[in-house]
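Participant: Got a predicted model here, sequence first, then my questions.
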Amino acid sequence: MAFYDGLFNQLGLRGWCDASDSAGPMSIAELLKKSKEANAGGHSAANVPFPSLDALHDACRAVPRTRELTTGIENSFLHVRVALKTVLDPLTQPLSWLLDFSLKVVEVVPWWVLVIALLLLVYFASRSWSILSLVAATLFILGLTDHLHYALQTMAIVFTCTFICILVGIPVGIMMAKSNRLESFSLPILDMLQTLPSFVYLIPLIFLFSVTESKLYGIAIILYAVVPVIRLTNLGIRMVDGNVGEAADAFGMDRWQKLAKVEMPLALPSIMAGVNQTIMMALSMVVIASLVSAPGLGVLVLRGINNLELGVGLVAGLGIVLLAINFDRVSKASMSRVNSTLQLRGEGR
């Protein structure tokens, strides 16, 4: 990089640059590069390369390369890995137990018992015969194609991780709604979790936990799916009309009574929308988590990719689509029931 060679010379930093230069022989690629730069002549403004780490390193060996930066990040993580594992192992072990238990239930309990229990749960949540018929038809199609067991495993993981997300996300959303400082601190973290590519969640976890531990994919699913329920809980409570809060204060309610009897019921539709999005995101992450031994339909999708089995991958993918449609319909029907109940209570008052 003749341009940056001249720049470092003008700044009087050539001695510092050459002090870090390696004394070893130059490779053929480096010799060709030097020859090309020598024959290129002057550099116009249009040909000046971007001052990236690699470009600056070519002119001054004291500047680290990009790969040295990434290696430094990796070494830093490996340096604290043992301490992180010591802290996180006991904290996340209950998640492994819960996931293992839910998958064991799928293995031990007869399929017809699980199907009946699932249909009863669907009817209790939706109170809709049409949605119940949709779920029953979906389960029949999955069973007809020998995908029912894999689908039940996927649903067990989604239900377990969604339960943890609700257990963690709603209290965090409430705390964010009550503290502007906590909200300003948490929003960048939530933005990062929501925009980070889903595959990236698995990279540090593989270094921390064994692939045979179910908490490996459980943590990845929870981190990926917990964001909507936190955001919409925070948004729902903040959108409660201030006049309603003032009326609650006038009736002598303390902050816990106002939260439980006024704010939470009014924010419930928003919270339910967050739960709906959390279920969808957990389901999408289950497929990717099959890369680290998560059972279910994702295993068949991965098998179709690895072995180029088009039919296996497409049928499993169609099964995931059917599950997503069912989850969405049931959760939206539950939201409608909640909204109707709240409206009836409001009219009764």
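Facilitator: Alright, I've got the coordinates.

Participant: Domain ranges for this protein, per the record?
Facilitator: 2-64, 82-348 (automatic domain parsing).

Participant: List just the one of those that sits closest to Ser76.
Facilitator: Ser76 sits nearest to domain 82-348 of all the domains of the chain, at 11.6 Å, using C-beta to C-beta. Backbone N, C-alpha and C define where each C-beta goes, glycine included.

Participant: Just give me how far that closest one sits from the chain centre.
Facilitator: 11 Å (C-alpha atoms, centre = their mean, to the nearest Å).

Participant: list the helices and strands the strand or helix carrying Ile219 packs on?
Facilitator: Applying DSSP states H and E as the criterion places Ile219 in helix 215-238. Packing contacts for helix 215-238, counted by 3 or more C-beta pairs under 8 Å, 6 or more residues apart in numbering; DSSP states H and E, involve helix 66-108, helix 148-178, helix 180-195, helix 202-208, helix 264-289.

Participant: can you give me the mean pLDDT across the fourth one?
Facilitator: Taken as a whole, helix 202-208 has a mean pLDDT of 85.

Participant: got the helices and strands packed on helix 215-238 as CSV, with distance to Ile141 and mean neighbour count columns?
Facilitator: What follows is those, written out as CSV (distance: least, C-beta to C-beta, whole Å; neighbours: other C-beta atoms under 10 Å):
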stretch, distance to Ile141, mean neighbour count
helix 66-108, 18, 13
helix 148-178, 9, 21
helix 180-195, 33, 12
helix 202-208, 31, 15
helix 264-289, 17, 22
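
Participant: could those helices go into CSV alongside distance to Val301?
Facilitator: Converted to CSV, those look like this (distance: least, C-beta to C-beta, whole Å):
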stretch, distance to Val301
helix 66-108, 18
helix 148-178, 10
helix 180-195, 23
helix 202-208, 16
helix 264-289, 6
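
Participant: returning to what we had before: so the helix holding Ile219 versus helix 264-289, what angle?
Facilitator: On the basis of axes from the mean of the first three to the mean of the last three C-alpha atoms, to 10 degrees, helix 215-238 is oriented at 150 degrees to helix 264-289.

Participant: Can you tell me the SS state at Ser210?
Facilitator: coil (DSSP: H, G, I helix; E, B strand; the rest coil).

Participant: my guess is it contacts Leu216, does it?
Facilitator: Yes - here Ser210 reaches Leu216: they are 7.1 Å apart, a contact under C-beta atoms under 8 Å.

Participant: OK, contacts around the residue nearest in space to the middle of the chain?
Facilitator: For the chain, Tyr224 is the residue whose C-alpha lies nearest the centre (C-alpha atoms, centre = their mean; 1.5 Å). The contact partners of Tyr224, by C-beta atoms under 8 Å, 6 or more residues apart in numbering, come to 193, 198, 201, 281-282, 285.

Participant: which one of those is nearest Leu323?
Facilitator: Ala282 (11.0 Å).

Participant: Give me the spatial nearest neighbour of that closest one, chain neighbours excluded.
Facilitator: Ala225 (4.1 Å; C-beta to C-beta, 6 or more residues apart in numbering).

Participant: Can you give me the separation between that neighbour and Leu190?
Facilitator: 12 Å (C-beta to C-beta, to the nearest Å).
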